[in-house]
Each structure stands twice: as C-alpha cells, then as structure tokens.
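# sequence first, then the predicted structure:
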Amino acid sequence: MKLLVLGGTGFVGPAIVDEARTRGYAVTVLNRGHQPSPPGTTVLTGDRHSPDGLTALTGGTWDLVVDTWSGRPSAVRDAARALDGHAGHYTYLSSRSVHADTDTAARTEDDPVVDADPDSDDDTDYSAAKRGAELAAEQNFTGPVLHARAGLILGPRENIGRLPWWLNRLARGGPTLAPGPHDRKLQYIDARDLATWMLDAAEQGATGPYNVVSPPGHTTMGELLETANEVTGNRAELRWAGPEAIVAAGIEPWMDLPIWLTGHDHDFMHGADVTKAQRLGLKIRPVGETIADTWTWLQAIGGTAPQRPDRTPVGLDPAREAAFLAAMHQG
C-alpha cells in the first residue's frame, strides 16, 4: 500500500506515518522541510503557500492520501486537483468546527455546517477554512473522499500545549486550581487512535464526514486531572472550583484552563455522536494511557512541548492562579 501524507512533521502527521509503517506501507511525505521528516519515509519538499509548491508530486501515484492541512481552502483544492487520477482515496483531516453555531450543539455529521468557499485564500476563520477545504477536496478529486472531523486531539507530540500545560502545572505542585464540576464529561481523541481509524477507514474506501472523537463521557475533568497528578508524582493539591466563580474572575475557559469549557461551548466540544465512526471500527485507548505516554514524551524532550506558530500559547498565569486561590480560601 502506497500512502502520501501531506504534512507529516507536526502532531497528527507523525502518528499517521508511525501507524502506516507498522502496516508495512510505503510512505511518502510532502512538506516544507522546516522540521525533520519521519524516518523510513520518502521525503518530497514543497511549500503549499507557493504557486509551484506541489511540483514534487508530479509523476507519483499513491493508493491513499491523507491531508492534514489546516489553512486556506485553496491549498486543498490545488492538492486535490494535482492528485486527481494519481491516487485512489483522499482523506482530509477536518474538524467538528465546520458546524454552524446554532442554539443546539451539533451532535451528528448531518447537523448544519458553516457557509464556505472552496477557492478561498483566507484562513482567518478556522471553521470556514476547514469547511471550505472539505468542499475543495470533494469538488476537485473525483475518487472517494473522506472527512475525518476530529475534535480535541491529545497525545504525545501535541504542539498546541493543552495536555502538556496541565502536566507541567501539576508536576510543579502546590495548590492548583481545578476547574469543575469534578464529573464534567470530556470527549477527545488520542492522535494515535485518530491515525489508526483514518487508515482503517481509507482502506475500506469510506467516504463523507465522520465525527472522530471518543464517545461522550469517555473521561471526566476529575479523572483527567487526578490521573495526570498521579502520573506526574502527586505533587499538586487540587482545589476544585465551580465555573461561575472562575469565569467571574476573568479566567478564560479553553485558553487559560486548557481542555475545560463551560455552557454551550462545552456541549459542542464534548457532546458529539460518534456512532457512525464506531460502526467503522473506532477504538479509543484509556485516558490513563494517553496521559502517561504524553508525560513520558514530554520528559524525554526536556519538558517543553513544541508550539505551533499559528496558535496562541495556552495556560493560566501563576500569579493570577495564586490570587484566585487566595480569594477562594478567604471566601
């Protein structure tokens, strides 16, 4: 099986390459060459921001393509056109963010999506860019096209910093703000489980959109933080606080306290129906395995996770956390 990964050096890309190599695939990666490419791959260099950025694909043929692009839709359009007739199946790593912001949180793949332009060169609106890229793949690749709509992605090599921030914060120890409720349900996908499912689905010729995350309530905020605290040495004293008090203090869900959300945002991010993906074999490893493996990786690279340049670093300032905990104690 010949696989082309458009990307392959960030977070999900290497997980796809690792899984493909365990299956004996011949793997080719196309990227800008700014980071080391995964070992055991054929490396093609190309910048999808440039007019001739796909020249290296000329003359190649592949059974499967996985596109991890998260920028302007026109780049996916150009890749789909270049690979049309030269690849058997196209998988686009999309996002559940393609769904429209309605009063009811999107649950299934059939819920309304945002308006988007598949020829757009704009990537400032993440939801529109992802949806536009889905349309670009569908309209410009005449073979089967699969959209893997992931939600929150965690695991080793995470370059957004959400789970790594929590692991480092808990390892630092001391009184630690734990955003509640303790039993707040969480839904995410380990990058390795995402990679496994995408390749399984591509091999089966699956098409259309799929929500690819764990079942709702796969874990809870309590289990996540308590397990992470245990893995990092039980140094932290978790001080649970309710969402009303946290938000009232100006502490932002998701950005200041990664993974954690409130209200409609929580219902959207952590409430997707994954029945369709489960029917196609989606399997999710225990949260403890994701946490332990991420901590092992983080320690191996010196404790500082790589940071995607197009994403704002996450995490609560220690002084603000201390002030909130002090006020909570006095109250």
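On my side now, so go ahead.
# burial of the residue lying closest to K185 once chain neighbours are set aside, as a residue count?
Of all residues not flanking K185 in the chain, G217 sits nearest, at 3.9 Å (CB to CB, 6 or more residues apart in numbering). Where you see a C-beta, it was placed from the backbone N, CA and C, and this is true even at glycine. Counted by other CB atoms under 10 Å, the residues lying close to G217 total 13.
# before we move on, what about D121?
D121: 11 neighbours (other CB under 10 Å).
# check which helix or strand D293 maps to.
helix 287-300 (DSSP states H and E).
# which ones are touching D310?
Residues in contact with D310, defined by CB atoms under 8 Å, 6 or more residues apart in numbering, are 70-71.
# quick check: pLDDT value at it.
As predicted, D310 sits at a pLDDT of 86.
# that's a strand at it, yeah?
No: counting by DSSP: H, G, I helix; E, B strand; the rest coil, D310 is located in no strand; its state is coil.
# so what does it look like in phi/psi?
Main-chain dihedrals, D310, degrees, to the nearest 10: phi -90, psi 10.
# just checking, the residue nearest to K185 touches Q187?
Yes: with contact defined as CB atoms under 8 Å, G217 counts as touching Q187 (7.3 Å).
# which of the residues in stretch 255-268 are buried?
By 16 or more other CB atoms under 10 Å, the buried positions in stretch 255-268 come out as 256-262, 266-268.
# and A300, how close does it get to E158?
Plainly put, A300 is 14 Å away from E158 if you go by CB to CB, to the nearest Å.
# out of the two, which sits in the more crowded spot?
E158 (24 against 9).
# so what's the more buried one up against?
Here E158 is in contact with 11, 164, 191, 294, 305 (CB under 8 Å, 6+ apart).
# give the contact list for E223.
The contact partners of E223, taken as CB under 8 Å, 6+ apart, are V287.
# which pair of the buried residues of stretch 255-268 spans the longest distance?
Largest separation among the buried residues of stretch 255-268 by CB to CB: D256 and D267, giving 19.9 Å.
# now do the strands in the stretch 51-200 of the chain.
Applying DSSP state E, counting those that start in this stretch to the stretch 51-200 of the chain gives strands spanning 62-67, 87-95, 145-150, 153-154, 174-179, 185-186, 189-190.
# I284 contacts P216, doesn't it?
No: I284 is beyond contact range of P216, at 11.6 Å (criterion: CB under 8 Å).
# one step back: just say which of the strands of the stretch 51-200 of the chain is most tucked in.
Most buried of the strands of the stretch 51-200 of the chain by mean neighbour count (mean count of other CB atoms under 10 Å) is strand 189-190; its value is a mean of 26.
# partner strands of that one, with direction?
strand 153-154 (parallel) (DSSP bridges).
# mind checking how far the nearest residue to M1 once chain neighbours are set aside is from W62?
Spatially, and ignoring its direct neighbours in sequence, M1 is nearest to Y25 (4.7 Å; CB to CB, 6+ apart). Y25 sits at a distance of 10 Å from W62 (criterion: CB to CB).
# span of stretch 250-267 from start to end?
Distance across stretch 250-267, first residue to last, is 21 Å (CA to CA, to the nearest Å).
# burial count for I291?
Neighbours of I291 (other CB under 10 Å): 26.
# for A100, that is, sorry about that
By other CB under 10 Å, 12 other residues sit near A100.
# and the strands in the stretch 201-331 of the chain?
208-212, 219-220, 236-241.
# quick one, domains of this protein?
Split into domains by automatic domain parsing, the chain comes to 2-150, 157-186+216-271+286-330.
# closest to D67 out of the buried residues of stretch 255-268?
Nearest member of those to D67, counting by CB to CB, is F268, at 24.4 Å.
# can you pull out the low-pLDDT segments for the stretch 101-250 of the chain?
For the stretch 101-250 of the chain, the stretches with pLDDT under 70 are 103, 105-106.
# can you map out the helices along it?
Ranges of helices in the stretch 101-250 of the chain, per DSSP state H, counting those that start in this stretch, are 126-140, 162-172, 191-203, 221-231, 243-248.
# how about those in a markdown table, adding distance to A327?
What follows is the helices of the stretch 101-250 of the chain, written out as a markdown table (distance: least, CB to CB, whole Å):
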| stretch | distance to A327 |
| --- | --- |
| helix 126-140 | 34 |
| helix 162-172 | 19 |
| helix 191-203 | 37 |
| helix 221-231 | 21 |
| helix 243-248 | 9 |
